[in-house]
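S.K.: All I have is the shape, not the residue letters:
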(Lines give C-alpha, C1' and ligand atoms only; values in the text may rest on other atoms or scores of the structure.)
Protein backbone atom coordinates (compact mmCIF):
# COMPACT_ATOMS: atom_id res chain seq x y z
CA UNK A 1 0.00 0.00 0.00
CA UNK A 2 2.80 2.42 0.85
CA UNK A 3 4.76 2.00 -2.37
CA UNK A 4 1.87 1.56 -4.81
CA UNK A 5 -0.38 4.54 -4.03
CA UNK A 6 -0.65 7.35 -6.59
CA UNK A 7 0.49 10.14 -4.26
CA UNK A 8 3.72 8.36 -3.47
CA UNK A 9 4.35 7.36 -7.09
CA UNK A 10 3.98 10.98 -8.18
CA UNK A 11 6.53 12.06 -5.56
CA UNK A 12 8.84 9.19 -6.51
CA UNK A 13 8.82 10.23 -10.17
CA UNK A 14 9.54 13.86 -9.27
CA UNK A 15 12.49 12.77 -7.12
CA UNK A 16 13.93 10.69 -9.97
CA UNK A 17 13.41 13.45 -12.54
CA UNK A 18 15.32 15.89 -10.31
CA UNK A 19 18.32 13.63 -9.79
CA UNK A 20 17.35 12.25 -6.38
CA UNK A 21 17.24 8.69 -5.12
CA UNK A 22 14.31 6.62 -3.90
CA UNK A 23 15.32 4.38 -1.01
CA UNK A 24 13.21 1.51 0.36
CA UNK A 25 12.95 1.73 4.16
CA UNK A 26 12.74 -1.51 6.15
CA UNK A 27 11.94 -1.10 9.84
CA UNK A 28 11.50 -3.32 12.87
CA UNK A 29 11.29 -1.98 16.44
CA UNK A 30 10.53 -5.14 18.44
CA UNK A 31 13.51 -6.52 20.40
CA UNK A 32 12.21 -10.09 20.53
CA UNK A 33 11.37 -10.23 16.83
CA UNK A 34 14.73 -8.72 15.93
CA UNK A 35 16.52 -11.36 17.99
CA UNK A 36 14.53 -14.17 16.37
CA UNK A 37 15.15 -12.77 12.88
CA UNK A 38 18.87 -12.11 13.18
CA UNK A 39 19.65 -15.49 14.80
CA UNK A 40 17.89 -17.53 12.08
CA UNK A 41 19.70 -17.91 8.74
CA UNK A 42 16.57 -19.16 6.98
CA UNK A 43 14.53 -16.14 8.09
CA UNK A 44 17.30 -13.78 6.98
CA UNK A 45 17.57 -15.51 3.61
CA UNK A 46 13.81 -15.15 3.11
CA UNK A 47 13.88 -11.46 4.06
CA UNK A 48 16.87 -10.79 1.81
CA UNK A 49 15.10 -12.45 -1.13
CA UNK A 50 11.90 -10.46 -0.53
CA UNK A 51 13.76 -7.14 -0.20
CA UNK A 52 15.62 -7.81 -3.45
CA UNK A 53 12.35 -8.58 -5.24
CA UNK A 54 10.70 -5.36 -4.02
CA UNK A 55 13.76 -3.28 -4.94
CA UNK A 56 13.94 -4.72 -8.45
CA UNK A 57 10.20 -4.65 -9.18
CA UNK A 58 9.79 -1.04 -8.01
CA UNK A 59 13.17 0.24 -9.22
CA UNK A 60 14.41 1.49 -5.86
CA UNK A 61 17.94 2.90 -5.72
CA UNK A 62 18.83 1.28 -2.42
CA UNK A 63 17.71 0.15 1.03
CA UNK A 64 17.62 1.81 4.44
CA UNK A 65 17.56 -0.48 7.48
CA UNK A 66 15.93 0.92 10.62
CA UNK A 67 16.24 -1.96 13.10
CA UNK A 68 15.82 -0.46 16.58
CA UNK A 69 16.57 -2.50 19.69
CA UNK A 70 14.60 -0.55 22.30
CA UNK A 71 16.45 -1.85 25.37
CA UNK A 72 20.00 -1.97 24.03
CA UNK A 73 21.19 0.72 21.58
CA UNK A 74 24.44 -1.13 20.79
CA UNK A 75 22.80 -4.49 19.97
CA UNK A 76 22.59 -3.44 16.32
CA UNK A 77 26.38 -3.62 16.19
CA UNK A 78 26.29 -7.40 16.61
CA UNK A 79 27.82 -9.82 14.11
CA UNK A 80 24.42 -11.19 13.04
CA UNK A 81 23.35 -7.80 11.68
CA UNK A 82 26.56 -7.23 9.74
CA UNK A 83 26.23 -10.72 8.21
CA UNK A 84 22.71 -9.75 7.10
CA UNK A 85 24.20 -6.72 5.35
CA UNK A 86 26.74 -9.02 3.65
CA UNK A 87 23.81 -11.09 2.38
CA UNK A 88 22.07 -8.02 0.95
CA UNK A 89 25.27 -7.07 -0.88
CA UNK A 90 25.61 -10.57 -2.33
CA UNK A 91 21.99 -10.37 -3.47
CA UNK A 92 22.85 -7.26 -5.49
CA UNK A 93 21.65 -4.38 -3.28
CA UNK A 94 24.02 -1.61 -4.35
CA UNK A 95 23.26 1.07 -1.77
CA UNK A 96 22.63 0.38 1.93
CA UNK A 97 22.15 2.85 4.77
CA UNK A 98 21.50 2.03 8.43
CA UNK A 99 19.75 4.13 11.10
CA UNK A 100 21.18 4.10 14.64
CA UNK A 101 20.42 5.83 17.93
CA UNK A 102 22.68 8.59 19.24
CA UNK A 103 23.67 6.18 22.06
CA UNK A 104 24.78 3.59 19.50
CA UNK A 105 27.63 5.95 18.65
CA UNK A 106 28.19 7.35 22.14
CA UNK A 107 28.26 3.94 23.87
CA UNK A 108 29.28 1.67 20.99
CA UNK A 109 32.52 -0.30 20.70
CA UNK A 110 35.00 1.36 18.33
CA UNK A 111 35.81 -1.75 16.30
CA UNK A 112 32.17 -2.76 15.90
CA UNK A 113 31.16 0.71 14.72
CA UNK A 114 33.99 0.70 12.18
CA UNK A 115 33.06 -2.77 10.89
CA UNK A 116 29.47 -1.67 10.34
CA UNK A 117 30.57 1.57 8.70
CA UNK A 118 32.83 -0.30 6.27
CA UNK A 119 29.94 -2.47 5.07
CA UNK A 120 27.42 0.30 4.33
CA UNK A 121 27.17 3.51 2.31
CA UNK A 122 25.72 5.74 5.02
CA UNK A 123 25.17 5.61 8.76
CA UNK A 124 22.19 7.76 9.73
CA UNK A 125 22.49 8.94 13.34
CA UNK A 126 19.07 9.75 14.81
CA UNK A 127 20.12 12.90 16.66
CA UNK A 128 16.78 13.42 18.39
CA UNK A 129 14.59 12.19 21.25
CA UNK A 130 17.18 13.08 23.89
CA UNK A 131 14.09 14.13 25.85
CA UNK A 132 11.06 12.02 25.00
CA UNK A 133 7.95 10.43 26.51
CA UNK A 134 8.82 8.67 29.75
CA UNK A 135 11.45 11.12 31.01
CA UNK A 136 11.04 12.91 34.35
CA UNK A 137 11.99 16.41 33.23
CA UNK A 138 11.08 18.41 30.14
CA UNK A 139 13.86 19.45 27.79
CA UNK A 140 15.10 19.83 24.22
CA UNK A 141 14.50 17.02 21.75
CA UNK A 142 17.90 17.59 20.10
CA UNK A 143 20.24 19.65 22.32
CA UNK A 144 23.62 20.65 20.90
CA UNK A 145 24.97 21.09 24.44
CA UNK A 146 23.67 20.17 27.89
CA UNK A 147 24.53 20.21 31.57
CA UNK A 148 27.12 17.75 32.85
CA UNK A 149 25.98 14.13 32.71
CA UNK A 150 23.27 14.61 30.07
CA UNK A 151 23.59 13.44 26.46
CA UNK A 152 23.82 15.89 23.58
CA UNK A 153 24.71 16.20 19.90
CA UNK A 154 28.18 17.59 20.61
CA UNK A 155 28.98 14.33 22.42
CA UNK A 156 28.17 12.37 19.24
CA UNK A 157 30.49 14.57 17.19
CA UNK A 158 33.30 14.23 19.73
CA UNK A 159 33.02 10.43 19.60
CA UNK A 160 33.02 10.43 15.77
CA UNK A 161 36.19 12.53 15.76
CA UNK A 162 37.89 10.61 18.59
CA UNK A 163 37.36 7.28 16.81
CA UNK A 164 38.48 8.72 13.47
CA UNK A 165 35.36 7.38 11.76
CA UNK A 166 34.73 7.91 8.06
CA UNK A 167 32.86 11.19 8.44
CA UNK A 168 31.68 11.31 4.83
CA UNK A 169 29.54 8.24 5.46
CA UNK A 170 27.78 9.75 8.48
CA UNK A 171 24.42 11.52 8.15
CA UNK A 172 22.97 13.49 11.06
CA UNK A 173 19.16 13.26 11.23
CA UNK A 174 17.42 16.17 12.96
CA UNK A 175 13.81 16.59 14.17
CA UNK A 176 11.07 18.76 12.68
CA UNK A 177 8.98 18.20 15.80
CA UNK A 178 8.99 18.75 19.52
CA UNK A 179 7.14 17.51 22.59
CA UNK A 180 4.52 19.26 24.67
CA UNK A 181 4.25 18.39 28.36
CA UNK A 182 2.34 19.52 31.41
CA UNK A 183 4.89 20.71 33.96
CA UNK A 184 4.98 21.75 37.61
CA UNK A 185 6.69 25.12 37.02
CA UNK A 186 7.42 27.64 34.26
CA UNK A 187 11.17 27.00 34.52
CA UNK A 188 13.29 25.52 31.74
CA UNK A 189 13.68 21.79 32.36
CA UNK A 190 10.78 21.63 34.80
CA UNK A 191 9.59 18.32 36.25
CA UNK A 192 6.87 16.74 34.11
CA UNK A 193 3.41 15.85 35.35
CA UNK A 194 2.97 12.21 34.49
CA UNK A 195 0.12 10.97 32.32
CA UNK A 196 -0.03 13.56 29.55
CA UNK A 197 2.17 14.60 26.66
CA UNK A 198 1.88 15.01 22.91
CA UNK A 199 4.17 15.42 19.96
CA UNK A 200 4.02 18.86 18.38
CA UNK A 201 5.04 19.19 14.74
CA UNK A 202 6.84 22.35 13.71
CA UNK A 203 3.70 23.27 11.74
CA UNK A 204 1.49 22.99 14.84
CA UNK A 205 3.96 24.83 17.05
CA UNK A 206 4.18 27.76 14.64
CA UNK A 207 0.38 27.97 14.51
CA UNK A 208 0.20 27.90 18.32
CA UNK A 209 2.76 30.70 18.66
CA UNK A 210 0.70 32.87 16.31
CA UNK A 211 -2.67 31.93 17.79
CA UNK A 212 -1.66 32.54 21.43
CA UNK A 213 0.89 35.27 20.71
CA UNK A 214 3.52 33.32 22.64
CA UNK A 215 7.04 34.45 23.41
CA UNK A 216 9.63 32.07 21.96
CA UNK A 217 12.29 31.49 24.62
CA UNK A 218 15.84 30.40 23.83
CA UNK A 219 18.26 28.19 25.76
CA UNK A 220 21.84 29.07 24.85
CA UNK A 221 23.45 25.83 26.09
CA UNK A 222 21.25 23.47 24.08
CA UNK A 223 20.70 26.07 21.35
CA UNK A 224 17.00 25.25 21.40
CA UNK A 225 13.77 27.26 21.44
CA UNK A 226 11.00 26.51 23.90
CA UNK A 227 7.59 27.78 24.98
CA UNK A 228 5.70 28.00 28.24
CA UNK A 229 2.02 28.91 28.57
CA UNK A 230 -1.11 28.12 30.54
CA UNK A 231 -4.05 26.15 29.23
CA UNK A 232 -7.05 25.30 31.44
CA UNK A 233 -5.01 26.57 34.42
CA UNK A 234 -2.28 24.03 33.72
CA UNK A 235 1.31 24.87 32.79
CA UNK A 236 2.37 23.60 29.37
CA UNK A 237 5.86 23.57 27.91
CA UNK A 238 6.90 22.79 24.32
CA UNK A 239 10.49 22.12 23.30
CA UNK A 240 10.86 22.26 19.54
CA UNK A 241 13.02 23.36 16.58
CA UNK A 242 12.97 26.49 14.45
CA UNK A 243 15.10 28.12 11.73
CA UNK A 244 17.72 29.28 14.24
CA UNK A 245 18.18 25.94 16.00
CA UNK A 246 18.21 23.89 12.80
CA UNK A 247 20.69 26.28 11.19
CA UNK A 248 22.99 25.70 14.17
CA UNK A 249 22.63 21.93 13.77
CA UNK A 250 23.23 21.89 10.03
CA UNK A 251 26.24 24.17 10.49
CA UNK A 252 27.73 21.44 12.71
CA UNK A 253 27.54 19.03 9.77
CA UNK A 254 29.32 21.47 7.47
CA UNK A 255 31.95 22.47 10.03
CA UNK A 256 32.77 18.85 10.86
CA UNK A 257 32.68 17.73 7.21
CA UNK A 258 30.09 15.02 7.74
CA UNK A 259 28.29 13.38 4.82
CA UNK A 260 25.06 15.33 5.21
CA UNK A 261 21.90 15.77 7.23
CA UNK A 262 18.28 14.69 7.09
CA UNK A 263 15.01 15.46 8.83
CA UNK A 264 12.32 13.49 10.64
CA UNK A 265 10.00 14.00 9.08
CA UNK A 266 9.37 16.03 5.97
CA UNK A 267 5.82 17.35 6.14
CA UNK A 268 6.05 18.25 9.82
CA UNK A 269 7.21 21.74 8.83
CA UNK A 270 3.88 22.68 7.27
CA UNK A 271 2.78 23.68 3.80
CA UNK A 272 5.28 26.48 3.17
CA UNK A 273 8.61 25.56 1.63
CA UNK A 274 11.28 24.33 4.02
CA UNK A 275 13.82 27.13 4.39
CA UNK A 276 17.03 26.87 2.41
CA UNK A 277 19.78 26.09 4.92
CA UNK A 278 22.80 25.58 2.73
CA UNK A 279 22.73 25.70 -1.06
CA UNK A 280 25.66 23.28 -1.21
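M.R.: Ah, there it is. Just so it is clear, the structure is predicted and the values come from calculations on it, not from any experiment. Residues are numbered from 1 along each chain as shown.
S.K.: what are the ranges of the strands in the stretch 101-250 of the chain?
M.R.: With DSSP state E, counting those that start in this stretch, the ranges of strands along the stretch 101-250 of the chain come out as 122-126, 170-175, 177-183, 192-201, 217-219, 224-231, 234-239.
S.K.: Need the per-residue pLDDT for the most far-flung residue of the chain relative to its centre.
M.R.: Note on the chain: the largest separation between a C-alpha and the mean C-alpha position, by C-alpha atoms, centre = their mean, falls on residue 233 (34.1 Å). Looking at residue 233, its pLDDT stands at 95.
S.K.: With the one 10 residues further on instead?
M.R.: Looking at residue 243, its pLDDT stands at 92.
S.K.: what's the spacing between the residue farthest from the centre of the chain and residue 182?
M.R.: Distance of residue 233 to residue 182, computed by C-beta to C-beta, to the nearest Å: 11 Å. Yep, even glycine has a C-beta here, placed from its N, CA and C like the rest.
S.K.: Residue 93 too?
M.R.: Spatial separation of residue 93 from residue 182 under the definition C-beta to C-beta is 46 Å.
S.K.: quick one on the thing from earlier: tell me who's in contact with the residue farthest from the centre of the chain.
M.R.: Under the criterion of C-beta atoms under 8 Å, 6 or more residues apart in numbering, residue 233 has no neighbours.
S.K.: Tell me which residues touch the closest residue to residue 253 other than its chain neighbours, please.
M.R.: Counting by C-beta to C-beta, 6 or more residues apart in numbering, residue 261 is the residue found nearest to residue 253 once chain neighbours are left out, at 4.8 Å. For residue 261, the set of contacting residues under the criterion of C-beta under 8 Å, 6+ apart consists of 171, 172, 173, 174, 249, 250, 253.
S.K.: So what sits opposite the second one in the bridge?
M.R.: Taking DSSP bridges as the rule, residue 172 bridges to residue 125, residue 261.
S.K.: okay but residue 112 is in contact with residue 77, surely?
M.R.: Yes. Assessed by C-beta atoms under 8 Å, residue 112 is found in contact with residue 77 at 4.0 Å.
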